[in-house]
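Visitor: Coordinates for the following, if possible.
(chains A, B, C and D)
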Amino acid sequence: MSTTTLLSVPVVLPLIGAALSLVLSPRPAVQRVLGLAVLTAVLLDAVWLLLRVDAADRLVLHAGGHAPPLGITLVADRFSALALLVAVVVCLAVMLYAIGQGSAEKRIENVPSVFHPTYLVLLAGIALVLLTGDLFTLFVGFEVMLMASYVLTTLGPTVERVRAGMIYVSTSLTATILLLTTIGLVYALTGTVNLAQLADAVQQLPAGLREFLGLILLTVLGIKAAMVPLHWWLPDSYPAAPAPVTAVFAALLTKVAVYAIVRTQTLLFPRDEPWVLLLVLAAVTMLVGVLGALVQDDLNRVLSFTLVSHIGFMLFGLAMSSVAGLTGTILYFVHHITVQSALFLVAGLAERRRASTALSELGGLARSAPVVAVLFLVPALSIGGIPPLAGFIGKLGLLQAAVGGASAGVLVVAAVALVTSLLTLAAMGRVWLMAFWGESPREEPDGGSGTTTATRRASGLMTTAAALAVTAGVALAAAAGPLSAYAGRAADDLVDREGYRAAVLGEGAAP
Amino acid sequence: MSAGNLTLSLLVGVLFAGGSYLLLQRSLLRVVLGFALWGHAANLVLLVAGGPAGHAPVAGETTPEAAADPLPEAMAVTAVVITLAVTALLLALADRSVTLRGDDDVPDAVEDALAGGDDRGSMEETR
Amino acid sequence: MPPDRGSLTLVAALLLAHLVLAAAAAALTPRVGSRALLVGALAPAASFAWLVAAAPDVLAGRPRRSDWTWAETLDLEVPLRLDGLSLLLGLVVTGVGTLVLLYGVHYFADRRHGMVRTTAVLVLFAGAMLALVLADNVLALYVAWELTTVCSFLLIGDEGRDGEHRSAALRALLVTTGAGFALLLGLLLLGDAAGTYRLSEIVAAPPTGAQAATAVVLVLVGALAKSAQVPFHPWLPAAMVAPTPVSAYLHAAAMVKAGIYLVARLAPALAEVLPWRPIVLAVGVATMLLGGWRALAQTDLKRLLAYGTIAQLGFLLVLLGAGTRTAALAGAAMLLAHAAFKATLFLVVGIIDHEAGTRDLRELTGVGRRAPGLAVVAGLACLSMAGLPPTIGYLGKEAAFEAFVEPGTGHGWVLAGIVAGSVLTVAYTLRFLWGAFADRPGVEPRLERRPPLSFVAPAAVLGAAGVVLGLLPSVVDALASGHADAYPVEHSYHLALWHGFSPPLFLSLVTLVAGAALHLARDRVDAARGAVPPVPSAEGAQDGVARGVLAAAGGLTRSTQVGSLPGYLLVVLLAVCLGPGGVLLVQVGLPERYRAWDTPAQALIGVAVVIAVVGVVRIHRRIVAVLVLSAVGYSVALLFLLHGAPDLALTQVLVETVTLLVFVLVIRRMPAEVRHPPEVLRGVRAVVALMVGALATLATLTISARRVPSRSTEGYFAEAPAEGGPNVTNLIISEFRALDTLGEVTVLAIASTGVASLVLVTSRLRGTPRGGHDRPGRAEREAEKEDAR
Amino acid sequence: MTDAHRRPAAAPRARLLPAADRQDAGERSLQLEVLARLAHPSILVVAVYLLVVGTHHPGGGFAAGLVAGLGLVLRRLAGGPKELTAATPLPPGLLLGIGLLLVAGYAGTGVLVAGELLAGAVWSVDAGFLGHVEIPSALVFELGVALIVVGLTLDVLRTLGVDEPSEEDAEETT
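Guide: Next up is the predicted model:
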């Protein structure tokens, strides 16, 4: 397969799929098959892309054959290829779950005419952000992704969801316009929006302006990534969405922003020393998030707060400004995508049995639904950093980088990371105690196990999908060897700015 | 070094300030008005980024030096259209809110005003 | 030494066997009940056999080893190494494990629920524990370490149906993993300082310096918590809510030894690093005394044993952490002894509890007469626990006294401490025997039958082992030397039943007499205990910390997560102003040169825009505000046109028109006026808005003064005609940057779908019950709860 | 849900678009409706013009779509929802789908056929008395853009423009 095809498929194919899905909207069954087919194709493409990138470093596509700075460049390197692959896997698992839920419950939010096209567009937006080598296209990719997410959040718009949607859309839009303004500033100061050219052009700016641009990019992307203190919107909006939607949001949206932060900071604003400001922000993010998680009494809100908290781990690795730190960030990134989606899907399974996610309404699930309990336990321990699960691998990467860096400030943040892990475990333990142990507060509704064959099959599909997400997390741990080696190479790529420039602009390109 | 354009810079400031004032209000309609002002401001920033005014960028009719920078213009078109899309969606949300609750105010989430209000969830006993 | 391929396969197979048999036993449980444990027991039994077979070689100084790499980039290897210390622990773990699983067959026979999990987790635990003592890489050790913690959590919590189980499980989990995280950091620092994560290599070339000292403190925190030392200990007595086989295996013989094992493993390397000895000796002695003292106050036999275990763990810590050969020899012997006698006694209590329905010594009577065999088994174990000849406990205690009779720094007070601790040990041993088997007048006997032989047999085997080994001091000496030989031989002491009339023998006599006296004077001791004012307990401190964290978390979250959109946006705007804005103002400053405008018309339109903006902000009548907004939009379009951007101006005018219509359509249904915002916030809002405006002006001025020419304009002009026409702007949209446009129209299409789904859904929702579709809001749930009360 | 819930009595409602709220023919302004109907074809011609001249003069897919959309707005304002339905050839969902299919398909075809993502070609056609006409392949792309913009306008008009969405409306779009 040609480079052009490999890089185009993740962006273009979901859009064609979305278009067909819109045209075919009276036929939900066809839409489902179509969605699954598109996702499978993109998955295969992502696997292929990853193999190709790992064998031959970066792949570059100049859209329309227009070289920078005229056209838009798509670039796949090891980090983006890995992020894309994991994203597609999660999207596939969540789509299976959503299809199961759709058949099982005939929920209004699963009106497939809206769900399927929007979901595919979401994937296209994510792929665009991950693959673009252009700052403005990054903005457009975010918009595609966010617009799809706005629509998905407000599917079946109840009072709760409308309120959540208002908060979510308003905050995101604030970040969007600020990002657009920032791109204007960057363009004025450098005359280009191509990232490879910017890598060089930004270096020639005076230090003060460089720092200003770096900081404002961190801030606006930090809103989307839910970095404390810009995170308040997240726990107030995510939990309200339908379970599969929350799962895919929690897994991917903030992580895509983290990806954008890592990409822009490493490429445009390289640092040799640990970045103290980001270290502090990372530590604060970890603590504020997890403390919030400890006092929630709704399962989805607990998970949302841990999501915020664990963004801090990824920022921590970036703030160390070392290859080892970035390796840790990449490992944690991959782990967190799978684990967080698994947790939200399992929360959805729990909700299905008790028609609530309030911890006080759950209880006794370990007895009545042992499979759900196991499916929760594994990712919960993983996110708490318990070995040998994937969360431990990520945490280990970060801690080793911190210890190897031997800077007192970094070690303090490493200690904060460990305290955060413990508090995360405490929050998860609390959920386990209240929701899985103890007595069921009321009789199980009939819908729990399913009354008809069709409902049971759909319910089985949901469980299978959740199990798929959990298994993906376990597989990451099992593959820790190749994965961490790959992450190491990906981190090398990130700091090799010359290599990036040469790949995009051609060998020996004049600055 | 060229000189800063005072008029456009002040306009950007006024639009951002006015927009910010509106963003910080409860009525979603006013929030949308605020975003509209912000959108205009961002587009003006793009315009300023393209440099001083010039001829319309039409090849053959003008030179690259005399023309206004076409790239920010194109980016602004994209931004204008995206803003239209988000505005429509936000207004639909407001409409939905009116249907459900009778007004377009953004209500506060109540969860955390209550969360942790007692010492539930201690290591001792959670229920 | 090259890795031994043969043992690699075998050990890997044995570890895997635990996993497979755990699954097999769990699968069998629903059909055959607790008898599935027989299948599970095969795994530790086979491992035990392998260890016995390997013992002669290992004790001759030829450790077995094998390598397996998990993740090379992270130095995550799983090398396994069987040396003297691993052998010692391995025999305990597999031997006791086998017997406890056999015992479980009977103990769990009536159990209906949760057996699948219990069976699987018990067998898994055996495997994890074996891996822990065999791991030669600190990270691999940590992995196994945390696995045992998780097993412990699941087994303590059991079904988690009552609060006691739940809180005990959570306390054990949090205390041990919390300290485990400290351990992890310590191990990483240690590995970093030593340049290797191999335990054997770290021990061979120990690191020194400040980093090693920090590492020592962190590693010890982890080890001490796992082994229930002061002040981490309260989780262990609480964990006694678990079923007895669990207590006997995890919380007496195996898991709690993990911390002791790690200390023993590292002591040869790190005992000379400064904080090691003071911490180990002080904590060990304190734990021994506190555990013994609290044991004397217990009426629940199991809790009595739990405090006894804490005391013994303190003793073991002192011996194995002291860093001398004789102490290590004593520690190794005591470790074997403790595993045997404490597991026996737990199993005995389990039998009593199972058969009599209570384990409160105030409710037990006549057990000794009705089950004399059981009493004999317990008696054998108690001989060893009290340190009487000819038991292995006696061998260990003699050696322990000997180790500290030798002159050395701090040996004096340590010796005093362990003698006092031994006195307490004798006293609570007697209390146990008296409590379990004595006759109590006026109490209804509860034991109705003699416990079946198959139930008692595992306990009897373990109890007898203590005496048999005591009678074979040379075997014990060989096993213990396998570890003690890690130290240089100063003067060679050997374990034996008779050393002549030496100070240790005298001290043993003293402890026996004083201990017996203490037991006889138990009423007066209890009275004295009551007279002592209550001191702050470690348990209370731990709960206090938990409460404090929760209170802080609640306070922080309540005060920040206010749920108000304006509040959140306020923070965002402030962050932008103070962060990047501050940098711009301080480090870049104002540009030096200005021009007023490009053309005067800009200024004219600018005035119109400013007036309109003020209008939009101030007008509260919605329709008027919207119309004024359009004025802003059209004025901006004029600015675009003036600037030389006709395409943009055209789009702007059209979009503005459409936007206006959308606004009008929506506000038809809204109240005509926006409510006036509360006065309090107005000032803040205005200040922040002005700050944002000032920052925006500053940034725009800066960039317009420092603008560099575009890198692309010439290229666009050159290539445009070939791409279809001269209108560069439009070609950028439809050709050069068509990908952006593709994304942009996708946004439009999806927004459109979203608008439809938001508005049109109403008709579908009508008539369906709301509860079925929606998670009830928190407020509603609160209201329901209020109603329920 | 009852009407009382949907529209609280306390909220004063502005009568902004009298015609838009009138549903029956008797109340509609006939002159306005006829005018709108007459104007509509000319508006569409303008839209097509903008679509085609984009590469040379201000215009392009967006502008074309927006102008066509405004034509629909005019019909809606003049004649109410019924008139709007009469003026639209396809349901908005389908318009959006076809538009998106055109733009995304244009990209996909380029990848498959030319091995380039979103590369345009220009065909020169001798069109008799009109002379030499250059047709850029991007016209397909622009058409897709325009259709999506029209779809959006239509969706907004049909949803936000109606007080009580009828069952048929809901079925048609979703």
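
Visitor: alpha carbons only for contacts and neighbour counts from here, please
Guide: OK.

Visitor: Burial check on residue 331, number of neighbours?
Guide: Going with chain A. Counted with other CA atoms under 10 Å in any protein chain shown, the neighbours of A:L331 add up to 29.

Visitor: oops, I was thinking of chain C
Guide: Neighbours of C:G331 (other CA under 10 Å): 30.

Visitor: Distance from the chain centre to the helix or strand hosting it, please.
Guide: Following DSSP states H and E, one finds C:G331 within helix C:325-356. Averaging C-alpha positions (CA atoms, centre = their mean, to the nearest Å) puts helix C:325-356 27 Å from its chain's average.

Visitor: Which strands or helices does that helix pack on?
Guide: Applying 3 or more CA pairs under 8 Å, 6 or more residues apart in numbering or on different chains; DSSP states H and E, one finds that helix C:325-356 contacts helix C:84-107, helix C:244-248, helix C:301-321, helix C:372-386, helix C:392-405, helix C:453-471, helix C:473-484.

Visitor: How much space separates the most centrally placed residue in chain D from chain B?
Guide: Per CA atoms, centre = their mean, the C-alpha nearest to the average position across chain D is that of D:V150, at 2.1 Å. Distance, D:V150 to chain B, by CA to the nearest CA, to the nearest Å: 12 Å.

Visitor: in the helix holding C:G331, what's buried?
Guide: Judged by neighbour count using 16 or more other CA atoms under 10 Å in any protein chain shown, the buried positions of helix C:325-356 are C:325-356.

Visitor: residues in contact with stretch C:718-732?
Guide: If you take CA atoms under 8 Å, 6 or more residues apart in numbering or on different chains as the criterion, stretch C:718-732 is touched by B:57-60, B:70-71, B:73-74, C:647, C:716-717, C:735, C:738, D:54-60, D:120-122, D:134-136.

Visitor: Recalculate using a threshold of 7 Å.
Guide: B:57-60, B:70-71, B:73-74, C:716-717, C:738, D:54-57, D:60, D:122, D:136 (CA atoms under 7 Å, 6 or more residues apart in numbering or on different chains).

Visitor: likewise stretch C:370-382?
Guide: C:341, C:344-345, C:348, C:368, C:429, C:437, C:450, C:456, C:460, C:463-464, C:466.

Visitor: Run the chain-centre distance for that stretch.
Guide: 39 Å.

Visitor: Check stretch A:49-65 too.
Guide: The answer for stretch A:49-65 is 22 Å, by CA atoms, centre = their mean.

Visitor: So which of the helices and strands packed on helix C:325-356 has the densest surroundings on average?
Guide: helix C:301-321 (a mean of 29; mean count of other CA atoms under 10 Å in any protein chain shown).

Visitor: name the helices or strands packed onto that one?
Guide: helix C:235-238, helix C:257-270, helix C:276-295, helix C:325-356 (3 or more CA pairs under 7 Å, 6 or more residues apart in numbering or on different chains; DSSP states H and E).

Visitor: just to revisit the earlier point, list the contacts of the residue nearest to the centre of chain D.
Guide: By CA under 7 Å, 6+ apart, the residues touching D:V150 are D:G65, D:L66, D:A68, D:G69.

Visitor: Tell me which helix or strand the second one sits in.
Guide: By that I understand D:L66. Here D:L66, judged by DSSP H and E, is contained in helix D:61-87.

Visitor: So, low pLDDT: which residues of the stretch 451-600 of chain C?
Guide: By pLDDT under 70, the stretch 451-600 of chain C contains no weakly predicted segment.

Visitor: residue boundaries of the helices in it?
Guide: Applying DSSP state H, counting those that start in this stretch to the stretch 451-600 of chain C gives helices spanning C:453-471, C:473-484, C:503-520, C:522-531, C:538-560, C:565-576, C:582-583, C:600-618.

Visitor: Is it possible to get JSON lines of those helices that adds distance to chain D?
Guide: Output for the helices of the stretch 451-600 of chain C, formatted as JSON lines (distance: least, CA to the nearest CA, whole Å):
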{"stretch": "helix C:453-471", "distance to chain D": "68"}
{"stretch": "helix C:473-484", "distance to chain D": "69"}
{"stretch": "helix C:503-520", "distance to chain D": "78"}
{"stretch": "helix C:522-531", "distance to chain D": "69"}
{"stretch": "helix C:538-560", "distance to chain D": "32"}
{"stretch": "helix C:565-576", "distance to chain D": "23"}
{"stretch": "helix C:582-583", "distance to chain D": "39"}
{"stretch": "helix C:600-618", "distance to chain D": "18"}
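
Visitor: before we move on, the earlier item: the helix holding C:G331 versus helix C:473-484: what angle between them?
Guide: Computed with axes from the mean of the first three to the mean of the last three CA atoms, to 10 degrees, the direction of helix C:325-356 lies at 110 degrees from that of helix C:473-484.

Visitor: What mean pLDDT does the helix or strand following helix C:325-356 get?
Guide: Note on helix C:325-356: by DSSP H and E, the next helix or strand toward the C-terminus is helix C:367-370. On average, the pLDDT along helix C:367-370 is 89.
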